[in-house]
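# need a 3D model of the following:
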Amino acid sequence: MAYSSFIIPFSLLILFPQYLHLAKSQQKLCRKSCGGVPIQYPFGVDDGCGSPYYRRIVKCTAAGELQLLTPSGKYPIKNVTYSGDDPHIVISDPFMWSCRDGGRFRPPRPFSLDTSTRFSLSPETEYLFFNCSTDEVAVESKPHFCRRFPEECDSVCDSGSFLCRNLPECPGALRGGSCCAYYPEAAESLRIMLRHCAAYTGVYWKNIGGGGGKAGAAFSQVPEYGVRVDFEIPVTAKCLECEGGGKGGGTCGFDTQNQSFLCLCHKRNSTTNCHDIEHKISKAAVAGVSIAVSVVVAVGVGMGVWYFRRVRAKAPVTHGVQTNDNRLF
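Coordinates of the predicted model:
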């Protein structure tokens with residue numbers, strides 16, 4: 001019987017952990033910020049978080065800096081706006097000219113985006129080019145009608161730009177150098193411009209709010225150095241259901257193997273919502289423990305019968321007389 005007694009607890013050790021795992025909490029959740037910059041859907045710095053369309057495009061460094069990864073390099077993200085009507089990020093480019101450079105122009109490296117992603121250069125960013133060759137670049141002051149019909153003046157780098165005359169934070173920093181404003185439609189046009197210009201920088205118009213009426217609207221934006229990049233937010237019914245407060249308040253994510261949608265919950269991932277998975281886990285845990293107990297009991301009874309028959313078959317028989325040598329108990 002000693003062998004049978006060993007089999008039963010051994011079976012419990014094998015079977016029970018498989019079902020108790022159903023109640024195990026998910027320890028790793030998606031980080032919500034990096035260096036003070038909020039991280040929300042569709043972005044994620046932990047694999048499986050956010051939308052698969054933006055997988056491995058943003059990164060949180062060990063120093064706590066959120067970065068945008070593009071074919072041209074890694075760029076610190078200054079801020080992210082997730083509003084539904086105007087989602088965008090603002091990055092700083094260490095290779096762009098800044099006020100502290102003054103009249104010294106460092107070799108530039110053109111900023112570019114991966115065209116296969118859902119990012120696009122924002123028209124809210126203006127690019128200023130310095131000391132361009134007038135033999136290769138059409139540098140002139142744009143006439144007033146260009147403000148109404150900008151497509152008619154796309155090939156001109158505007159030397160009369162407001163920002164050239166009023167550089168943010170340092171109006172007189174160029175010390176006699178030339179400046180013109182031009183919006184490159186693509187990364188290739190930016191690279192071509194930099195072949196004939198000493199340096200460049202990006203300036204975006206930052207919304208700061210303002211009072212009501214026309215006077216408030218006129219002072220609701222201020223220029224700041226950086227590049228604004230617009231992005232799309234892939235909205236799906238599954239994600240809205242996952243994040244709904246009445247459905248458990250999950251986080252939208254994806255399966256790292258096949259990139260299919262997952263709702264990330266505190267206890268376990270779900271293909272629907274966290275409320276649904278809680279219900280399934282409860283039922284599965286009860287059913288699992290019941291099955292485990294039934295299997296263990298069946299194994300124990302079976303081993304007991306097997307052991308009984310084995311001992312009985314080997315017991316010596318002495319003409320029907322029970323002795324200390326052939327007794328079963």
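# where do the strands sit along the stretch 51-200 of the chain?
58-60, 66-70, 73-81, 88-91, 119-121, 125-130, 139-140, 157-158, 179-181, 199-207 (DSSP state E, counting those that start in this stretch).
# rebuild these as TSV, extending it with mean neighbour count and mean pLDDT.
Using the backbone N, CA and C atoms, a C-beta is placed for each residue, glycine as well. As requested, those are exported to TSV (neighbours: other C-beta atoms under 10 Å; pLDDT from 0 to 100):
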stretch	mean neighbour count	mean pLDDT
strand 58-60	18	96
strand 66-70	20	96
strand 73-81	17	95
strand 88-91	22	96
strand 119-121	18	90
strand 125-130	22	93
strand 139-140	16	90
strand 157-158	24	90
strand 179-181	23	94
strand 199-207	20	91
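# in CSV, list these along with distance to C265.
Below are those laid out as CSV (distance: least, C-beta to C-beta, whole Å):
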stretch, distance to C265
strand 58-60, 22
strand 66-70, 25
strand 73-81, 24
strand 88-91, 28
strand 119-121, 29
strand 125-130, 39
strand 139-140, 58
strand 157-158, 53
strand 179-181, 50
strand 199-207, 35
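# of the ones you listed, which is nearest G253?
Between G253 and the strands of the stretch 51-200 of the chain, the shortest gap by C-beta to C-beta is with strand 58-60, which sits at 14.4 Å.
# and A181, what does it touch?
By C-beta atoms under 8 Å, 6 or more residues apart in numbering, the contact list for A181 reads E126, Y127, L128, F129, C157, D158, S161, L163, C164.
# try V203
Counted by C-beta under 8 Å, 6+ apart, V203 has contacts T125, E126, Y127, L128, L163, P168, P223, E224, Y225, G226.
# try C170
C170 sits in contact with C99, G102, where contact means C-beta under 8 Å, 6+ apart.
# what separates it from N131, distance-wise?
Using C-beta to C-beta, to the nearest Å, we find C170 at a distance of 16 Å from N131.
# what's the answer for G36, then?
36 Å.
# with K142 instead?
In terms of C-beta to C-beta, K142 sits 19 Å off from N131.
# quick one: P234 is in a strand?
No: secondary structure of P234 (DSSP: H, G, I helix; E, B strand; the rest coil): coil, not part of a strand.
# what's the end-to-end length of stretch 106-125?
Distance between the two ends of stretch 106-125: 21 Å, counting by C-alpha to C-alpha, to the nearest Å.
# sorry, slip of the keys, the one I care about is stretch 61-75.
Note: stretch 61-75 ends 11 Å apart using C-alpha to C-alpha.
# show me what it is in contact with.
34-35, 37, 39, 45, 56-60, 76-77, 89, 91-93, 95, 109-114, 187, 227, 229.
# let's go with 6 Å and repeat that
34-35, 37, 57-60, 76-77, 91, 93, 111-114 (C-beta atoms under 6 Å, 6 or more residues apart in numbering).
# mind putting the contacts of A181 into CSV with distance to D135?
Output for the contacts of A181, formatted as CSV (distance: C-beta to C-beta, whole Å):
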residue, distance to D135
E126, 24
Y127, 20
L128, 20
F129, 15
C157, 13
D158, 18
S161, 21
L163, 24
C164, 20
